[in-house]
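In: can't give you the sequence, but here's the structure:
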């Protein structure tokens, strides 16, 4: 710390634990944003800085926070991956883009960060309008493919077997991060439900049954009910 070094210690166990050091570094990085209306979130080796403001107001807290982070990283001799850093603004679609979106620049090591409409974080694609439409489309594509593979690869037409396969390999895709990205638009809710609706309809003996009857015969709940229960 401050160019003072501790004495060397021999490691007798063969395993070096960095938990205390990492905890200290993480606590230290959160302190550098004191006095700024900026929130810092840490996960593994990722850091997120965000703030809120009105379009008709000037703001520089996020720029100052970025500069403090760069100075802190240089002090700790840590390299920031500027090519993996982006700027994403969360707003409603009808809101105009303010002056700062085109004039304010965020830089790391002389590299200007790009503005993007969406960002992938922990497996979820977050768009600037918080509709998660792109993420849901990607998930639905994977879910439909897996559901079709189950019906093609299994020779058995047993309902119990196919239902368990669907719940194991498909349904978890549709329920991942439900409390975060649960859609509020009806057309997105129907798109998600359509995966299970089509799968149960292709089961033997259920083609002419209604969706409610198919759910009772297979013993599963609708995805809407399950996602609502998860959110609660």
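Out: That came through fine. Every value quoted in this text rests on a predicted model; they were computed, and no experiment measured them. Residues are numbered from 1 along each chain as shown.
In: use CA for all of it now, contacts and neighbours both
Out: Will do.
In: and residue 49, how many neighbours?
Out: By other CA atoms under 10 Å, 15 other residues sit near residue 49.
In: That one sits in which helix or strand?
Out: Assigned by DSSP states H and E, residue 49 belongs to strand 46-50.
In: in the next helix or strand after that strand, what's buried?
Out: Per DSSP H and E, strand 46-50 leads on to helix 61-75 as the next helix or strand towards the C-terminus. For helix 61-75, a neighbour-count test (16 or more other CA atoms under 10 Å) marks 61-62, 65-67, 69-70 as buried.
In: How far off centre is helix 61-75?
Out: Mean C-alpha position of helix 61-75 versus that of the full chain (CA atoms, centre = their mean, to the nearest Å) differs by 24 Å.
In: Repeat that for stretch 224-231.
Out: 19 Å.
In: And the contacts of that stretch?
Out: Residues outside stretch 224-231 that contact it (CA atoms under 8 Å, 6 or more residues apart in numbering) are 175, 178-179, 182, 189, 193.
In: Low-confidence ranges, the chain, go.
Out: Residues of the chain meeting the criterion pLDDT under 70: 1-27, 55-59, 92-103.
In: and the strand holding residue 49, what other elements does it pack with?
Out: Other elements packing on strand 46-50 under the criterion 3 or more CA pairs under 8 Å, 6 or more residues apart in numbering; DSSP states H and E are strand 39-43, helix 61-75.
In: List of residues touching the longest one?
Out: For helix 61-75, the external contacting residues (CA under 8 Å, 6+ apart) are 29, 32-33, 36-38, 49-51, 79-80, 106-109.
In: re earlier: neighbour-wise, which of the contacts of stretch 224-231 leads?
Out: Using other CA under 10 Å as the neighbour criterion, residue 182 leads the contacts of stretch 224-231 with 21 neighbours.
In: how close does that residue get to residue 171?
Out: Distance, residue 182 to residue 171, using CA to CA, to the nearest Å: 14 Å.
In: Show me which positions of the longest helix seen in the chain end up buried.
Out: Assignment by DSSP state H gives helix 133-153 as the longest helix of the chain. Buried residues in helix 133-153, counted by 16+ other CA under 10 Å: 133, 135-136, 139-140, 143-144, 146-147, 150-151.
In: Give me the contacts around that helix.
Out: Helix 133-153 is contacted by residues 124-127, 162, 165-166, 169-171, 173-174, 188, 191-192, 195, 199 when judged by CA under 8 Å, 6+ apart.
In: next one: stretch 106-116
Out: Contacts of stretch 106-116 (CA under 8 Å, 6+ apart): 63, 66, 70, 80, 82-83, 85-89, 101, 105.
In: cutoff 7 Å now
Out: Here stretch 106-116 makes contact (CA atoms under 7 Å, 6 or more residues apart in numbering) with 63, 70, 82, 85-88, 105.
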